[in-house]
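Trainee: no sequence on this one, just coordinates:
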C-alpha cells in the first residue's frame, strides 16, 4: 500500500514560532475547512442530481441548500488557505497563536449561524444576498435573514482579525511596506545585492496580498452588512441597490479570488522539495507580478456589473482590463515557473506532489474560462449561465482544493516517512481528476448553450446534461473519500524520527 519516501529537500527556516504550536494552529483551520468543503461537495452533488431529475427537492429547500453550499464552501476554502498561510509565515516571523485561534473561532461561529439560518429558518437568497431580495417576497421568516447577516458579520470579523495579524507580521518581519514589497530588489538591484539583505520568500507575497486585499474586502463586507442589518431592523430604510451590489461584490468576489491565491503558497514551498536541489527564489519579476495581482484582484469585480447600465462606463472598461491583466502574473510567473521547476528535475511523484502539480493545470483551465466570461462579447451570452459555475468550480475544486490537499499530503508524507503506492495514487487520481473533469464538462457545455444558473428546474438541455454530469460528481466524491481514507492511514503511522538532510 505504500513506499518508503525519498529524501525531500527541506530549506532552512527561521524558527520564530514553535513548530508544534504553529502546526496545531494550521490544523485548527485546515481541519474544519476541509470538513466544510467535503460536506458542501456532497450537498452540491445532491443539488446537481436534483437538476438532473435523479431525485427531487422542494424549490424552497433547493434554494436554501444552494445558499448554504455557496456560503459554506467559500468559508471552508478560506479557512484552509488561512491556516496554510499562517503556518508558513510563522516559520518566518512572529505571530500570536491566540489571535489566530480567536479569528478562527469567530469564523466558525459565523458558519454555524449561517447554517442555522438556512437549515432551520430556510434562508435562500444565495451567498450574494443581493438587496432587496433578502427582504422582499421571501418564503422564510424575518429572523432567518437577521441570523444570516449576523453569521456573515462574524465571518468578516474573524477574517479581518486574521488579515490584520498577517499584515502586522509581514511589516514587522520585513521592515515595513518597502521591504515587504521588495521595492529595492526591483528598482535598485545592484544596491540591494551589495547590502547583503535577503528579499521576502515567495510565500510572503501571498501573505501580503491576502492581507491587504482581504482588509479591503472585509471593510466592504462589514459596511454593506451593517447597512443590510439596519435595513432588517428598520424596513422603512431605503438603500441604493447599485451601491449595495458594488460593495457586495467587492467583498464576495475579492474573497473568492483570495481563496484561490492563498493556497498557492503551498506550491512555492512544497513543490521544490520534490525536485533535486531546486528552489523557488524571489526575483524582481515575481515581486512585480504580485504587485500587479494586488491591484487587479481588488478591481476585477466590475465585470460582474456589465449588465448594470447605470454603472459609469469607465469602471466597466476598468473591470474588463483588470480581469484580463489579472491572469498574466499567475500564468506567466507561477504556473510557467512551476513547470520549469519540475522539468528535468527528477521530480518525485507522490500524492502531495501530484495534487500540487495538477492543481496548477486546474488553475489555468478555470482562469481561461473566467477570461472568456469577462469578455463582453461572450458575457452577453454567458452572464448568469452555468458557464460561470463551471469556471469558478474549476479553479476551486481542481485548483485551490488540490493545492490544499497537496500540502496536507506533503505534511503527512514528510511526517510518516512513506508515500502512497502507485496503485493508490492512480485510483485517487482517476477519481478526483477524472470525476472532477467529467462534472465540470457538464457545466461548461450547459453554459455554452445558455442554461441558466441558480435554477432548480432547468430548461433543455440542462436536465439531460445535469444527469450525466452527476455521474462524474459521484466519481469525484468517491475519489475524495479514498483521499480521506489514505490521509487517515498516513496520519496513524508513527512519526518518522530522522530528519533528512537538505
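Mentor: Done, it's in. Just so it is clear, the model here is predicted, and its values are computed rather than measured.
Trainee: Tally up the residues packed near the closest residue to residue 279 other than its chain neighbours, please.
Mentor: Closest residue to residue 279 apart from its sequence neighbours, by CB to CB, 6 or more residues apart in numbering: residue 272 at 5.1 Å. Using the backbone N, CA and C atoms, a C-beta is placed for each residue, glycine as well. Using other CB atoms under 10 Å, residue 272 is surrounded by 22 other residues.
Trainee: wait, residue 272 sits on residue 266?
Mentor: No: look at residue 272 against residue 266 with CB atoms under 8 Å: they stay out of range, at 11.3 Å.
Trainee: For the stretch 351-500 of the chain, which residues score under the pLDDT cut-off?
Mentor: The model of the stretch 351-500 of the chain has pLDDT under 70 over residues 497-500.
Trainee: sorry, that was for the chain
Mentor: 1-17, 497-502.
Trainee: Now do the strands in it.
Mentor: Taking DSSP state E, the strands of the chain run over residues 2-4, 418-420.
Trainee: which residues in the stretch 101-250 of the chain form helices?
Mentor: 142-174, 177-180, 183-187, 189-195, 202-233, 241-261 (DSSP state H, counting those that start in this stretch).
Trainee: With the stretch 351-500 of the chain instead?
Mentor: Assigned by DSSP H, counting those that start in this stretch, the stretch 351-500 of the chain shows helices spanning 351-374, 376-382, 386-395, 401-416, 422-429, 435-448, 462-492.
Trainee: wait, which of the helices of the stretch 101-250 of the chain is closest to residue 289?
Mentor: helix 202-233 (8.4 Å; CB to CB).
Trainee: Can you mark which positions in that closest one are buried?
Mentor: Buried residues in helix 202-233, counting neighbours by 16 or more other CB atoms under 10 Å, are found at 202-225, 227-229, 231-232.
Trainee: what about stretch 176-192, distance to the chain center?
Mentor: The chain centroid and the centroid of stretch 176-192 are separated by 29 Å under CA atoms, centre = their mean, to the nearest Å.
Trainee: I meant stretch 133-151, not that one.
Mentor: Worked out by CA atoms, centre = their mean, stretch 133-151 lies 26 Å from the chain centre.
Trainee: Residue numbering should commence at 48 henceforth.
Mentor: Fine by me, first position is 48 from now on; the one you just mentioned is stretch 180-198.
Trainee: what comes into contact with it?
Mentor: 107, 111, 156-165, 167-173, 176, 272, 275-276, 278-279, 282 (CB atoms under 8 Å, 6 or more residues apart in numbering).
Trainee: what's the answer for stretch 83-102, then?
Mentor: In contact with stretch 83-102 (CB under 8 Å, 6+ apart) are residues 103-104, 109, 112-113, 115-116, 119-120, 122-124, 126-127, 158, 444, 448, 486, 502-505, 509-517, 520-521, 523-524, 527, 531.
Trainee: ok so, going back, I'd like the helices of the stretch 148-297 of the chain laid out as CSV, including distance to residue 87.
Mentor: Shown next, in CSV, are the helices of the stretch 148-297 of the chain (distance: least, CB to CB, whole Å):
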stretch, distance to residue 87
helix 189-221, 15
helix 224-227, 34
helix 230-234, 40
helix 236-242, 45
helix 249-280, 20
helix 288-308, 13
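Trainee: can you tell me which of the ones you listed comes nearest to residue 375?
Mentor: helix 288-308 (14.1 Å).
Trainee: in that closest one, what counts as buried?
Mentor: In helix 288-308, counting by 16+ other CB under 10 Å, buried: 291-308.
Trainee: quick one: the spatially most distant residue from the centre of the chain from residue 229, how far?
Mentor: Distance from the C-alpha centroid of the chain peaks at residue 241, with 38.6 Å (CA atoms, centre = their mean). The span separating residue 241 from residue 229 equals 16 Å under the rule CB to CB, to the nearest Å.
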